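Chemist: below are the sequence and a predicted model for it; my questions follow.
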Amino acid sequence: MRDKTMTADEVVSRLESGMTLGIGGWGSRRKPMALVRALLRSGIGDLTVVSYGGPDVGVLAAAGRIRRLVAAFVTLDSVPLEPHYRAARERGTFELLEVDEGMFMWGLRAAANRLPFLPVRAGIGSDVMRVSPGLRTVTSPYEDGETFVAMPALRLDAALVHVNRADRLGNGQYLGPDPYFDDLFCEAADAAYVSCERIVDTAELTKEAAPQTLLVKRHVVTGVVEAPNGAHFTSCAPDYGRDEEFQRMYTATPWPEFAERYLGGDEEAYRSAVRAWQEERR
């Protein structure tokens, strides 16, 4: 067993333009934003992004880094539709494969199990098949003869996820109310990178929390990054909630202005800019 700790910039140095990148979390909840900001500092682009989308998709789309997006939605939760994503989509800057939430999960599960597809009822009878004409159906070979959507595997070159705690070996722990699908993102990827609020000794992970909270297993993790407040401005319960005021400012600010003020430097520069904004609000 080896120490897998690295920095966010070291993670990004292992990524390349043209990759298929999975980003964990859900909407504006527990997104690996510190890793996404590090990605924005690089020249990497032409990405296929697979995400239950939130501001991760918004900033990457606004920055022109996405060639193709696979998503069930792109939302900020308290803001129904991510505005920077919407603007980029309306400009037609990337391709979109839009699927049902359950289909998305089944695509990750197929990839995690190294299957080419999995049959799923979700999508049947909806407009999903119309707006995504590349999808196919499959007929059960048994007596029922039922027709299913053949959801293709969402195979990932790399996955980025954020959790509450991790150890140096790659075990990742969530402490909030929902695991989302971060484990499937990691299992569906050739390389998985986990950022966390705090790196702790392995024994500390289950000292005050149940073993079931160990969502991400070390054997599927390539690297671990300690990134305090690394999900900001999304939530990372119970460590902190979503920064609603900052999120509202993000939605109302033109992208070039937001990017110049908050994304022009490293992670410490981002934190300093956020603190300065908070001081202005007082």
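Modeler: Structure received. Numbers count the residues shown, from 1 in each chain.

Chemist: against which helices or strands is the helix or strand bottoming out on mean pLDDT in the chain packed?
Modeler: Within the chain, judged by mean pLDDT, DSSP states H and E, the helix or strand with the poorest mean is helix 128-131; its value is a mean of 92. Packing partners of helix 128-131 (3 or more Cβ pairs under 8 Å, 6 or more residues apart in numbering; DSSP states H and E): none among the helices and strands. Quick note: C-beta positions are derived from backbone N, CA and C, even for glycine.

Chemist: the residue nearest to residue 119 when sequence neighbours are not counted is in what secondary structure piece?
Modeler: Counting by Cβ to Cβ, 6 or more residues apart in numbering, residue 148 is the residue found nearest to residue 119 once chain neighbours are left out, at 3.6 Å. Residue 148 belongs to strand 147-152 when assigned by DSSP states H and E.

Chemist: just checking: what are the partner strands of that strand?
Modeler: strand 117-120 (antiparallel), strand 136-139 (antiparallel) (DSSP bridges).

Chemist: residue 38: neighbour count?
Modeler: 25 (other Cβ atoms under 10 Å).

Chemist: part of a helix, is it?
Modeler: Yes. Residue 38: assigned to a helix according to DSSP: H, G, I helix; E, B strand; the rest coil.

Chemist: and it, what's its pLDDT?
Modeler: Confidence at residue 38, expressed as pLDDT, is 98.

Chemist: and the gap between it and residue 109?
Modeler: 28 Å (Cβ to Cβ, to the nearest Å).

Chemist: where do the strands sit along the stretch 1-150 of the chain?
Modeler: 20-23, 47-51, 66-71, 95-98, 117-120, 136-139, 147-152 (DSSP state E, counting those that start in this stretch).

Chemist: which of the ones you listed is buried the deepest?
Modeler: Ranked by mean neighbour count, the strands of the stretch 1-150 of the chain are led by strand 20-23 with a mean of 26 (mean count of other Cβ atoms under 10 Å).

Chemist: and that one, how far out from the chain middle?
Modeler: 7 Å (Cα atoms, centre = their mean, to the nearest Å).

Chemist: give me the contact list for the longest helix anywhere in the chain.
Modeler: When the chain is parsed with DSSP state H, its longest helix is helix 267-281. Residues outside helix 267-281 that contact it (Cβ atoms under 8 Å, 6 or more residues apart in numbering): 8, 34, 37-38, 227, 229, 232, 245-246, 249, 261-263, 265.

Chemist: now the terminal residues of stretch 142-160, how far apart.
Modeler: One end of stretch 142-160 sits 39 Å from the other (Cα to Cα, to the nearest Å).
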